[in-house]
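# Model the structure of this input:
(2 chains)
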Amino acid sequence: MKKEKKGWKELPVGLVLDAATCRDFETGDWRSEKPIWDENKCTHCLICWVYCPDSAIIVKDGKVQGIDYKYCKGCGICAEECPPKVKAITMVREEK
Amino acid sequence: MIVARTGNEAMAEAMRQINPDVVAAYPITPATEVVQLFSKFVHDGLVDTEFVPVESEHSACSACVGASASGARVMTSTASQGLALMHEILFIAAGLRLPIAICLVNRSLSSPINIHCDHSDTLASRDAGWLQIYTENAQEAYDTTIQLVKIAEQVLLPGIVSTDAFIISHGMERVELVDDKDVPAFLGERKVNYSLLDVDNPLTLGPLDLQDYFYEHKRSEIDAMDHVLPVIEKVQKEFGEKFGRYYPIVDEYKMDDAEVAILAMGSTGGTAKVAVERMREKGKKVGMIRCRVYRPFPKDAMTTALTKAKVIGILDRSDTLSSLGGHLYNDARSILYDSHTRPILKNYVYGLGGRDISIEEIESIYTELLGIQKSGAVDKDIVYFGVRGE
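Okay, the predicted model is just below:
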């Protein structure tokens, strides 16, 4: 999943980036812990979707589909906010 | 056209002929006249420049950064404390690769407060990523101002051209001006890769750059500085061919058979040339090296020049306040480490706060250097020349 980063000779001169580049900035490689979503436990209350600061909870037709690891920074808010009786999201150590 | 001009007037004339798109400046002695005269050119309609009279040098440099990033040809002028106040923005201009040109007058940094010449202001900014060219007289200041704009725009780095406070800035000299129409022709249009004002192609300039890319961007800036010297040489040659005045990166005077020599920067180069003449009349084989381009440091040309003589007296109009002497002395010692032949070096820090150095005093330094050549030993490698109580 990790994109190869550019070497210094490939960079444009003068600290210039294109505008609106958030989509290209894959913050998933910041992660040290990874949320694991359990489809069988999930009640699709969408609390995780509301709280996720990176819009990394994938939802389709009102149902959680999974986690977008390209952008998920592994903050763990989704696992924390998932209701205690449901516990559909658990954090595990990211493997290198 | 031959005219009588002070260094400041000559630099202002060069700016008028360059006709920059934007000048943002704040006055400071002894560089005030440069933009004061230029603002009159603006008022009289002699230039098309957008003149921005800002409230500080920090703002002046910041306005220059914004204007330059929009694709404009941008210039300003300052000295001493003014450059110190720009310090934060100097690094940003260089990192963003904006070819801003500063017409600077070298003046001591406070304290004690003083308005006269030494090189402590620009040398304190030597690591900011700006080109630095020190001139010997008003003519060279005028010519170099024109050259610097072209050099900076080709290498995409900002640059400083400087004169010595009052000695050059306020001294009236014979100056030969290029025809007005020839300056824009020599410079051409500034070519830009992007413009902040191009709304059809939006871009992000100067974003936060953390562990993953900061180093790559810095490496690219370092590399840019590594490729500057050939461009300076090309532009100087082109200027020489067109207008008949050529200045080398390292100015050597009577070095071919010199046994001892002086290395200096700025107007002292001119004084030392007269001292060389007088010593030669007495049959002494002495020479002079003037460091014209200081940043980037011309390692090869300087090594070649320094290794021609057996003893070099290095005149620094500044001190690094590090117990290691002056800036030129440290640079010279550093490059000579790799050299097979190493002349004996002696550092003379002199002229701080504008204290004059005379032809006779430089002659006395040559006499001392000849003595060192004879004995083969230096008693004291860093001396503070011309200070009372030493």
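
# Please list the residues of chain A that sit near chain B.
Applying C-beta under 8 Å from any C-beta of the partner chain, we find that chain A lies next to chain B at A:5-9, A:11-21. Placement of C-beta: from N, CA and C, glycine included.

# Where does the residue nearest the centre of chain A fall, secondary structure wise?
By C-alpha atoms, centre = their mean, chain A has its centre lying nearest to A:C72, at 1.5 Å. A:C72 belongs to no helix or strand when assigned by DSSP states H and E.

# on that earlier part again, need the buried ones from the residues of chain A next to chain B selected in ChimeraX.
In ChimeraX syntax, the buried subset of the residues of chain A next to chain B is picked out as below (16 or more other C-beta atoms under 10 Å in any protein chain shown):
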select /A:11,14,15,16,17
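
# for the residues of chain A next to chain B, which one is nearest A:K60?
Within the residues of chain A next to chain B, proximity to A:K60 (C-beta to C-beta) peaks at A:A20, which comes in at 24.4 Å.

# circling back to that earlier point, dump the residue contacts of the residue nearest to the centre of chain A.
A:27-28, A:31, A:34-35, A:52, A:54, A:56 (C-beta atoms under 8 Å, 6 or more residues apart in numbering or on different chains).

# which among those end up buried?
So, by 16+ other C-beta under 10 Å, the buried ones in the contacts of A:C72 are A:28, A:34-35, A:52, A:54, A:56.

# Run a quick check on B:I357 versus B:Y350, I expect a contact.
Yes - applying C-beta atoms under 8 Å, one finds B:I357 in contact with B:Y350, separated by 5.4 Å.

# Can you work out which residues contact both of those two?
In contact with both B:I357 and B:Y350: B:268, B:315, B:385-386, using C-beta under 8 Å, 6+ apart.

# can you narrow those to ones near chain A?
Of those, not one also sits near chain A (C-beta under 8 Å from any C-beta).

# from the contacts of A:C72, which ones fall inside strands?
The members of those that map onto strands under DSSP state E are A:34-35.

# now, which of the contacts of A:C72 sits nearest B:F166?
For the contacts of A:C72, the nearest to B:F166 is A:T27 (56.7 Å; C-beta to C-beta).

# what residues are up against B:T78?
Contact analysis of B:T78 by C-beta under 8 Å, 6+ apart lists B:25-26, B:28, B:31, B:57, B:60, B:86, B:102, B:104.

# For the residue nearest to the centre of chain A, give its distance to A:E4.
Noted for A:C72: a distance of 20 Å to A:E4, by C-beta to C-beta, to the nearest Å.

# do the same with B:Y213
13 Å.

# Check which residues of stretch B:272-285 are buried.
B:272-273, B:275-276, B:279, B:284-285.

# Filter those to keep only those in contact with chain A.
Near chain A, by the rule C-beta under 8 Å from any C-beta, you find none of these.

# Adding pLDDT and secondary structure, write those out as a markdown table.
Output for the buried residues of stretch B:272-285, formatted as a markdown table (pLDDT from 0 to 100; DSSP: H, G, I helix; E, B strand; the rest coil):
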| residue | pLDDT | secondary structure |
| --- | --- | --- |
| B:A272 | 98 | helix |
| B:K273 | 98 | helix |
| B:A275 | 98 | helix |
| B:V276 | 98 | helix |
| B:M279 | 98 | helix |
| B:K284 | 98 | coil |
| B:K285 | 98 | coil |
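
# Quick one: end-to-end distance for stretch A:52-67.
10 Å (C-alpha to C-alpha, to the nearest Å).

# model confidence over it, on average?
Averaging pLDDT along stretch A:52-67 yields 96.

# next one: stretch B:97-109
98.

# what packs against the helix or strand of chain B with the lowest mean pLDDT?
Ranking every helix and strand in chain B by mean pLDDT, DSSP states H and E puts strand B:203-205 at the bottom, with a mean of 89. In terms of contacts (3 or more C-beta pairs under 8 Å, 6 or more residues apart in numbering or on different chains; DSSP states H and E), strand B:203-205 is packed against strand A:16-18.

# Mind listing residues that contact the strand it packs on?
B:193-194, B:202-205, B:207.

# do the same with stretch B:376-385
Outside stretch B:376-385, the residues touching it (C-beta under 8 Å, 6+ apart) are B:315, B:324-326, B:329, B:344-350, B:357, B:361, B:365, B:372, B:390.

# secondary structure class for B:E361?
Using DSSP: H, G, I helix; E, B strand; the rest coil, the structure places B:E361 in helix.

# partners of the least confident helix or strand of chain B in the sheet?
In the sheet, strand B:203-205 lines up against strand A:16-18 (antiparallel) (DSSP bridges).

# contacting residues around residue 8?
No chain was given, so I picked chain A. B:215-217, B:219-220, B:223.

# that's the other chain; I wanted chain B
Residues in contact with B:N8 (C-beta under 8 Å, 6+ apart) are B:30-31, B:33-34, B:37, B:105, B:163, B:169-170.

# before we move on, the earlier item: more crowded one of B:Y213 and A:E4?
B:Y213 (17 against 5; other C-beta atoms under 10 Å in any protein chain shown).

# Report the separation between the more buried one and B:P158.
22 Å.

# swap in B:T144?
15 Å.

# One more: B:M279?
On the measure of C-beta to C-beta, B:M279 and B:P158 end up 39 Å apart.

# ok, now B:R16?
21 Å.

# neighbour-wise, which of those two wins?
Neighbour totals were compared for B:R16 and B:P158, and B:P158 leads with 27 against 21 (other C-beta under 10 Å).

# about what we covered before: what's the most distant pair in the residues of chain A next to chain B?
Top of the distance list for the residues of chain A next to chain B (C-beta to C-beta): A:K9 and A:A20, 25.4 Å.

# All the strands of the stretch 201-350 of chain B, in order from the start?
B:203-205, B:250-253, B:260-264, B:286-291, B:293-295, B:311-316, B:344-349 (DSSP state E, counting those that start in this stretch).

# Could you dump these into a markdown table with mean neighbour count added?
Formatted as a markdown table, those follow (neighbours: other C-beta atoms under 10 Å in any protein chain shown):
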| stretch | mean neighbour count |
| --- | --- |
| strand B:203-205 | 15 |
| strand B:250-253 | 19 |
| strand B:260-264 | 28 |
| strand B:286-291 | 28 |
| strand B:293-295 | 24 |
| strand B:311-316 | 28 |
| strand B:344-349 | 23 |
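
# Reformat those strands as JSON lines; add distance to B:F243.
As requested, the strands of the stretch 201-350 of chain B are exported to JSON lines (distance: least, C-beta to C-beta, whole Å):
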{"stretch": "strand B:203-205", "distance to B:F243": "36"}
{"stretch": "strand B:250-253", "distance to B:F243": "18"}
{"stretch": "strand B:260-264", "distance to B:F243": "26"}
{"stretch": "strand B:286-291", "distance to B:F243": "20"}
{"stretch": "strand B:293-295", "distance to B:F243": "19"}
{"stretch": "strand B:311-316", "distance to B:F243": "30"}
{"stretch": "strand B:344-349", "distance to B:F243": "35"}
